[in-house]
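S.K.: attaching a predicted model along with its sequence, questions to come.
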Amino acid sequence: MTASVAPRIVRPADATEVAATLAACARERAAVVVVGGSTLQSLGNAPRRCDVALHTSVLRGIRDYDPRDMTAGIDAGTTLAEVARVLGEHGQWIPFDAPLPARATVGGTLAAGWAGPRRAAYGRPRDLVIGSTIALTDGTLARAGGMVVKNVTGYDMSKLYVGSLGTLGAIVRANFKALPRPAAHRLAVAPIAGDQRERTLAALGALAIEPTAALVLDGFARVARYPGAALRLVLLFEGSEAVVDRAVRDARSALGRAGIAETLLHDGEIAQHGFADIVDAYVDAGERALTYRTSGLPSTAWARTRAAHALAREHGLHAESIADLRTGDAILRFSARTIATFAAKLGAFDADVRRAFERATVLAGGGTLRAAIDAWGAPPSTIATMRAIKTHFDPAGILAPGRYVGAI
Amino acid sequence: MVTSLASRLLEALGPDTVRSSPEDLAVYSYDAYSDGHLPTAAVLPRDAREAALAVRIAFECGEPVVPRGAGSGLCGGAIPVRGGLVMSMVRMNRILELDVRNRRARVQPGLINLDLSRAIATHGIFYAPDPSSQKVSTIGGNVGTNAGGPHCLSYGTTTNHVLGIEYVDGQGVIHHTSLDDPGYDLTGLLVGSEGTLGLVTAVDVRLLALPESVRVGLAAFPDVESASEAVSAIIGAGIVPTALEIMDKLITGAVEAHYHAGFPLDAGAVLLVEIAGPRDDMTAGENAIARIAQQHGALSWRSSADAVEREALWASRKGAAGALGRIAPNYYIQDACVPRTKLPAVIHEIGRIAHFYDLPVGNVFHAGDGNLHPLLCFDRRDARAVRAVVEAGTEILATCIAMGGTISGEHGIGSEKRDSLSLVFGADDLAAMDRVRDVFDPSRLFNPDKIFPTGAVCGEVRAPVAVA
């Protein structure tokens, strides 16, 4: 946040107080930023103004959770770790797949539109939301959806709020469809040489059981370690013991035929933690680095990361990358020795990134670097409709002004 | 005015694309819900450009635009209740692009649901949403109602399989949304909006790999309540089958007479269970389900790995409503959804309500999702029975809401249930939806008099909005 004066912090006690706070701010034209666990606050641009930081931390609790219905209503300030713990007691989960779950909140994760590498297997968080309540700047609380898993009753407003980054209102509660938690988790890490790319992709494409997630890491040395290898293939398998056993066996022999002889295997909790560490790394940039997410077709993800490394070399920057072979995301982290050296070339570099990748948005990075560029790049063709939505929901323009796409 | 719309359309698009004589328009006056209203004109566009031109002309004439797929909707969503222009999308029925490796396709909205899965099956992929109407209903119509089907228990509904949408606004401008775009999720808003936000002209869909193995099991129970208890227990055990469907005795009787799929006729209810996935899970899954069924009083259990037998079971399940023609001249199918643990209580209440109104009732439903479809049988020529059906239907909805449910799981609101929407949502909830409608369609000409209650905040009056 770039406000010159520290924002006033408010912690409403319940949903009604959130709505009343927003209404009061709208009357006073005070700019509001909604704050959850502050794990994804680096998404988007810094708001032009921030007079009030509305923390959802008091809105905690898992309501209406009946494991037999596999649905749960969860207050916005509840942490993902808390959700995992309570649902886990009943063998269930909501695969948010988001970084830093001990701090990240349900409301923040939804508002950020987070969608992690497991989404090819389980869907995005948006796909598991079956209802929501949002506080709006006119002081009302608007509900949508419900507590049933199928619902065509009016517009699916929850979809609008998920990913709106606190620019339309404050999500105070969301209802979810839970899933059975897989019994077995296994993480395979294999070193790959640059010339094994095509063979590796062919081997993966022929697997009868698809991995839950398939990533190619270049750099990010602190996670998914394999001694001596910069380029690693990471496969996560989740399911029943029998299925995971066969999946790992098949994957190892397929990779072996592709010339990748060695695979490190992690099982159970170590596999889960190992994978969680990778997801944490998505937003772990530091002051001297900038991390972009580019989205696109899964078949082009690896090529995009290679293009990013070439681009970094041209600009004298260091690049690290994660190519998500199932979702099509490419996570690109660029860094320099000092903030100043990066900042000096950032304008030209960012322009090249936007030229090279159709959809690149800034996911994380040092405050100085982020402040120098637009996090979103060129807005999509539907931007006029998006602007109209913003005006209809926040006519006073008080919610995180300037943070969103197209300076919304 | 009336002649002006038809003549302008004819001038712009020609007689092969525009229908305007009353005898040609009769087919566009109704859908599978009930008789409706004659439109002023109908247009059968061949591409998005023609569709956009027709929309622009209709809006310039101040006439409504009502999108129409197969007309198989069950809640009057395609009826031109205020006249105007019906846009029949049947000619836009092609797969525009198929990307097997990335498992996506761009299709036109008039493509029939089943035709998509059939066309791509050789590549080992399929389109998951499979409403019972899939032999006739279109992808565009499915998008309008966020259609479900028996298999959304594990795969989710239409909205979980739409990656982007091309739509036409009231000015005739073509827009394209994508889940990959930064910004508000316009795609998610458009799905399930029943044609009230714009005219969909293309849909980007997500495709899935066909499962390695599929098994279908059939359990017979003494009554619907015990079958419903078994459903909750199966899910509670951490098993999520791809489908969990219940049919009661009245339905199985009608279905068996028609399809001869081998349903047990002496049972009070049958439970159809499908599991799909890697072959390693099949035997354990089947055994667990059979054990739970037995614990909940199942009279028999049989399972099938045979594709032909499986198809026969599914064909009869999806044809269940049609087979009811054997029992009564007319039926009214209700669509409501409750938390699945409430199923036994709701089924019991539905039986009580039907008995009170002296109406035969059949239950065939997506039990795993808590999505009910009571079918009330009647004879339209009997005015007393028609009144009873309407009253019983409303009571059933009220019962479902009281149990924490909602008034439509997958058919939509349309014109049928618009006045019931305020049983579920209050003025503030509806006002938020109205803001969205105001953005997309300030003149309220896209499928008017649908979804939102008459006279509520979401009436056809534009709410003034202050601009900062």
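M.R.: Cool, the structure landed. Numbers count the residues shown, from 1 in each chain, chains lettered A, B, ... in the order given.

S.K.: give me phi/psi at whichever residue of chain A sits closest to chain B?
M.R.: Across chain A, the shortest distance to chain B (Cβ to the nearest Cβ) belongs to residue A:159, at 2.7 Å. Quick note: C-beta positions are derived from backbone N, CA and C, even for glycine. Dihedral pair for residue A:159: phi -60, psi -40, per degrees, to the nearest 10.

S.K.: residue A:365 now?
M.R.: The phi/psi pair for residue A:365 (degrees, to the nearest 10) is phi 160, psi 170.

S.K.: number of residues surrounding it?
M.R.: 26 (other Cβ atoms under 10 Å in any protein chain shown).

S.K.: if it is in a bridge, with which residues?
M.R.: residue A:290 (DSSP bridges).

S.K.: circling back to that earlier point, so what's the residue of chain A closest to chain B up against?
M.R.: By Cβ atoms under 8 Å, 6 or more residues apart in numbering or on different chains, residue A:159 lies in contact with A:126, A:129, B:159, B:185, B:187, B:188, B:189, B:191.

S.K.: out of these, who's nearest residue B:31?
M.R.: Distance ranking of the contacts of residue A:159 against residue B:31, using Cβ to Cβ, places residue B:191 first at 19.3 Å.

S.K.: what is the burial count for the closest one?
M.R.: 27.

S.K.: distance of the closest residue to it other than its chain neighbours from residue B:193?
M.R.: For residue B:191, ignoring the flanking residues on the chain, the nearest one in space by Cβ to Cβ, 6 or more residues apart in numbering or on different chains is residue B:159 at 4.2 Å. From residue B:159 across to residue B:193, the span is 11 Å (Cβ to Cβ, to the nearest Å).

S.K.: can you list contacts of the host helix or strand of residue A:20?
M.R.: Assigned by DSSP states H and E, residue A:20 falls within helix A:15-28. Here helix A:15-28 makes contact (Cβ under 8 Å, 6+ apart) with A:10, A:12, A:30-32, A:51-52, A:54, A:56, A:59, A:133, A:135-141, A:169-170, A:172-173, A:394, A:396, A:398-399.

S.K.: if we check chain B, which of those are in contact?
M.R.: Restricting these to those touching chain B (Cβ under 8 Å from any Cβ of the partner chain) yields A:136, A:140, A:141, A:394, A:396.

S.K.: just flag the most distant two among the residues you listed.
M.R.: A:141 and A:396 (18.0 Å).

S.K.: and the residue nearest to residue B:191, what does it touch?
M.R.: Contacts of residue B:159 by Cβ under 8 Å, 6+ apart are A:127, A:156, A:159, B:146, B:188, B:191, B:192.

S.K.: tell me the one of those nearest residue B:324?
M.R.: residue B:146 (25.2 Å).

S.K.: what residues does the stretch 201-350 of chain B put near chain A?
M.R.: Counting by Cβ under 8 Å from any Cβ, the stretch 201-350 of chain B comes close to chain A at B:209, B:212, B:232, B:235-236, B:238-240, B:277-278, B:280-281, B:284, B:337-341.

S.K.: skip the chain neighbours and tell me the closest residue to residue B:79.
M.R.: Using Cβ to Cβ, 6+ apart and skipping the chain neighbours, the partner closest in space to residue B:79 is residue B:36 (3.3 Å).

S.K.: could you do residue A:242 as well?
M.R.: Residue A:242 sits nearest to residue B:280 (Cβ to Cβ, 6+ apart), 3.9 Å away.

S.K.: and that neighbour, that one's in a helix?
M.R.: Yes - looking at residue B:280 with DSSP: H, G, I helix; E, B strand; the rest coil, it is inside a helix.

S.K.: my read: it touches residue A:246, true?
M.R.: Yes - between residue B:280 and residue A:246 there is a contact at 5.6 Å, judged by Cβ atoms under 8 Å.

S.K.: tell me which stretches of the stretch 251-400 of chain A form strands.
M.R.: Along the stretch 251-400 of chain A, counting by DSSP state E, counting those that start in this stretch, strands occupy A:264-267, A:289-294, A:318-324, A:330-335, A:360-365.

S.K.: ugh, wrong one, the stretch 201-350 of chain B
M.R.: Taking DSSP E, counting those that start in this stretch, the strands of the stretch 201-350 of chain B run over residues B:208-209, B:213-221, B:243-248, B:269-277, B:300-304, B:330-333, B:336-337.

S.K.: how about chain B: which residue is closest to chain A?
M.R.: For chain B, Cβ to the nearest Cβ, closest residue to chain A: residue B:188, 2.7 Å.

S.K.: got the buried residues for the helix or strand containing residue B:433?
M.R.: Assigned by DSSP H and E, residue B:433 belongs to helix B:427-440. For helix B:427-440, burial by neighbour count (16 or more other Cβ atoms under 10 Å in any protein chain shown) applies to B:428-440.

S.K.: got JSON lines for those residues, with pLDDT and distance to residue A:239 too?
M.R.: Output for these, formatted as JSON lines (pLDDT from 0 to 100; distance: Cβ to Cβ, whole Å):
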{"residue": "B:428", "pLDDT": "97", "distance to residue A:239": "43"}
{"residue": "B:429", "pLDDT": "98", "distance to residue A:239": "39"}
{"residue": "B:430", "pLDDT": "97", "distance to residue A:239": "42"}
{"residue": "B:431", "pLDDT": "97", "distance to residue A:239": "44"}
{"residue": "B:432", "pLDDT": "98", "distance to residue A:239": "39"}
{"residue": "B:433", "pLDDT": "98", "distance to residue A:239": "39"}
{"residue": "B:434", "pLDDT": "97", "distance to residue A:239": "44"}
{"residue": "B:435", "pLDDT": "98", "distance to residue A:239": "43"}
{"residue": "B:436", "pLDDT": "98", "distance to residue A:239": "39"}
{"residue": "B:437", "pLDDT": "98", "distance to residue A:239": "43"}
{"residue": "B:438", "pLDDT": "97", "distance to residue A:239": "46"}
{"residue": "B:439", "pLDDT": "98", "distance to residue A:239": "43"}
{"residue": "B:440", "pLDDT": "98", "distance to residue A:239": "41"}
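
S.K.: could you pick out which of the residues you listed are near chain A?
M.R.: Near chain A, by the rule Cβ under 8 Å from any Cβ, you find B:428, B:429, B:430, B:431, B:432, B:433, B:435, B:436, B:437, B:438, B:439, B:440 out of the buried residues of helix B:427-440.

S.K.: between the strands of the stretch 251-400 of chain A, which gets nearest to residue A:304?
M.R.: strand A:330-335 (4.2 Å).

S.K.: and that closest one, which strands flank it?
M.R.: strand A:289-294 (antiparallel), strand A:318-324 (antiparallel).

S.K.: export those to TSV and tack on mean pLDDT, distance to residue A:199 and mean neighbour count?
M.R.: Shown next, in TSV, are the strands paired with strand A:330-335 (pLDDT from 0 to 100; distance: least, Cβ to Cβ, whole Å; neighbours: other Cβ atoms under 10 Å in any protein chain shown):
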stretch	mean pLDDT	distance to residue A:199	mean neighbour count
strand A:289-294	98	25	24
strand A:318-324	98	16	23
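
S.K.: export the ones you listed to a markdown table and tack on distance to residue B:355?
M.R.: Output for the strands paired with strand A:330-335, formatted as a markdown table (distance: least, Cβ to Cβ, whole Å):
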| stretch | distance to residue B:355 |
| --- | --- |
| strand A:289-294 | 58 |
| strand A:318-324 | 56 |
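
S.K.: right, and those - which one's nearest residue B:378?
M.R.: Once the strands paired with strand A:330-335 are compared by Cβ to Cβ, strand A:318-324 is nearest, at 54.6 Å.

S.K.: packing partners of whichever strand or helix holds residue B:365?
M.R.: Per DSSP H and E, residue B:365 falls inside strand B:361-366. Counting contacts by 3 or more Cβ pairs under 8 Å, 6 or more residues apart in numbering or on different chains; DSSP states H and E, strand B:361-366 is packed against strand B:243-248, helix B:249-259, helix B:343-356, strand B:371-372, strand B:374-378.

S.K.: what angle do the longest one and strand B:243-248 make?
M.R.: Compare the direction of helix B:343-356 with that of strand B:243-248 by axes from the mean of the first three to the mean of the last three Cα atoms, to 10 degrees and you get 30 degrees.
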